[in-house]
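S.K.: Here is a sequence with its predicted model. Questions after.
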Amino acid sequence: MKKRVRFLLPVLVLLAILAAELPWETKEVPKRTEAAMEVHFIDVGQADCSLILLPNDKTMLIDAGNNDDGETVVDYLKACGVEQIDYLIGTHPHEDHIGGLDDVIESFPIGEIYMPKVQTNTKTFRDVLTAVKKKGLSVHSAKAGVVLSESPELSITMLAPNKDVYVEMNDYSAVVRITYQDTAFLFMGDAEKQSENEIREDVRADVLKIGHHGSSTSTSEKFLRRVNPEYVFIPCGKDNDYGHPHREIRNLLKQYDITTYRADADGTVVFASDGTTVWVVE
Ligand SMILES: [Zn+2]
């Protein structure tokens, strides 16, 4: 053995040991911040799923993607250290919103579950009701005026649906606004312009989870001006069949200079709030 190799060998072995010990960042594990509140828009393609880690240490999940996304959502929540879900919301009975709810209900202790008072005759919907029943839970009505939390620091309120009957299933969507000190988040489900027009309460938000995957049936210019968001998240799948987000909406967001994130381009996106400012966790 040459002298140089004899010297290099122990160094290489040491480097290999060090490399194995180093906490290499893996993409699968969501990053945690020191911020009091985090909102995770989980990439479930052409579907919807938002995890909210609240400043009072409670957790909220709004929708759970398609049927096939159930496992992805459950794994993501576990990787985030979620042990129970205090508020579970199924915005409306379409598969791309409630599909994975049964898996979530079966996998975690659930505090309160909210869904709008509307039924569909699909297996997906029945699966959710079966999971709810098995767990001994009862579904609370999601509707305007429901207050989930009310304190000077943190308020969680439902702004829609405002009526009992709609033509469009999307308009039954539970719309949720969360304010934490000076910051606010607005989650629209698939609510369309009809529902937007019925909302009388304050809708201002730093972050808007856009309605109906960026379809032009939602997000009127008037409504966007009322929300006046700094950021928008669009839950849309790559090359989806609907052409979401529609050109009108893309142009509108550009016109108002709103920083936009899309599931098809950005994957899962995490926002953090310290009560004063909101930022994207890189
Ligand atoms: Zn949808």
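M.R.: Perfect, thanks for sending it. Residues are numbered from 1 along each chain as shown.
S.K.: For the closest residue to residue 264 other than its chain neighbours, the count of nearby residues, please.
M.R.: Spatial nearest neighbour of residue 264, excluding adjacent residues (C-beta to C-beta, 6 or more residues apart in numbering): residue 238 at 4.3 Å. For the C-beta atoms, the positions are set from N, CA and C on the backbone; glycine is no exception. The local packing of residue 238 (other C-beta atoms under 10 Å) involves 10 other residues.
S.K.: helix/strand/coil for residue 238?
M.R.: Under DSSP: H, G, I helix; E, B strand; the rest coil, the three-state class of residue 238 is coil.
S.K.: what about it, distance to residue 244?
M.R.: Applying C-beta to C-beta, to the nearest Å, the value for residue 238 to residue 244 is 11 Å.
S.K.: swap in residue 36?
M.R.: 32 Å.
S.K.: go on, residue 108?
M.R.: Going from residue 108 to residue 244 by C-beta to C-beta gives 30 Å.
S.K.: Tell me which stretches of the stretch 1-150 of the chain form helices.
M.R.: 3-21, 70-79, 95-98, 101-107, 123-134 (DSSP state H, counting those that start in this stretch).
S.K.: For residue 157, which residues are in contact?
M.R.: By C-beta atoms under 8 Å, 6 or more residues apart in numbering, the residues touching residue 157 are 145-148, 150, 176-177, 201.
S.K.: again, only this time at 6 Å
M.R.: Counting by C-beta atoms under 6 Å, 6 or more residues apart in numbering, residue 157 touches 147, 177.
S.K.: Now the phi/psi pair for it, please.
M.R.: Backbone dihedrals for residue 157, given as degrees, to the nearest 10, come out at phi -130, psi 150.
S.K.: is it in a bridge, and if so with what?
M.R.: residue 147, residue 177 (DSSP bridges).
S.K.: Now do it, the pLDDT please.
M.R.: pLDDT recorded at residue 157 is 98.
S.K.: thinking again about what came up before, I'd like to know which of the helices of the stretch 1-150 of the chain has the weakest mean confidence.
M.R.: helix 3-21 (a mean of 63).
S.K.: Pull the number of nearby residues for the nearest residue to residue 124 once chain neighbours are set aside.
M.R.: Spatial nearest neighbour of residue 124, chain neighbours left out: residue 95 (4.7 Å); criterion: C-beta to C-beta, 6+ apart. Neighbourhood size, residue 95 [other C-beta under 10 Å]: 17.
S.K.: in the chain, what spans have low per-residue confidence?
M.R.: 1-32 (pLDDT under 70).
S.K.: Recalculate using a threshold of 90.
M.R.: 1-35, 152, 282 (pLDDT under 90).
S.K.: Report the central residue of it.
M.R.: residue 50 (1.3 Å; C-alpha atoms, centre = their mean).
S.K.: could you show me where the helices are in the stretch 151-282 of the chain, in order?
M.R.: Applying DSSP H, counting those that start in this stretch to the stretch 151-282 of the chain gives helices spanning 193-198, 221-227, 247-255, 263-266.
S.K.: For the third one, list every residue counted as buried.
M.R.: Right, the one you point to is helix 247-255. For helix 247-255, the buried set under the neighbour-count rule, 16 or more other C-beta atoms under 10 Å, comprises 249-250, 252-253.
S.K.: for these, which one is nearest the ion?
M.R.: residue 249 (14.3 Å; C-beta to the ion).
S.K.: isn't that closest one right next to residue 213, touching?
M.R.: No. Assessed by C-beta atoms under 6 Å, residue 249 is found out of contact with residue 213, at 9.5 Å.
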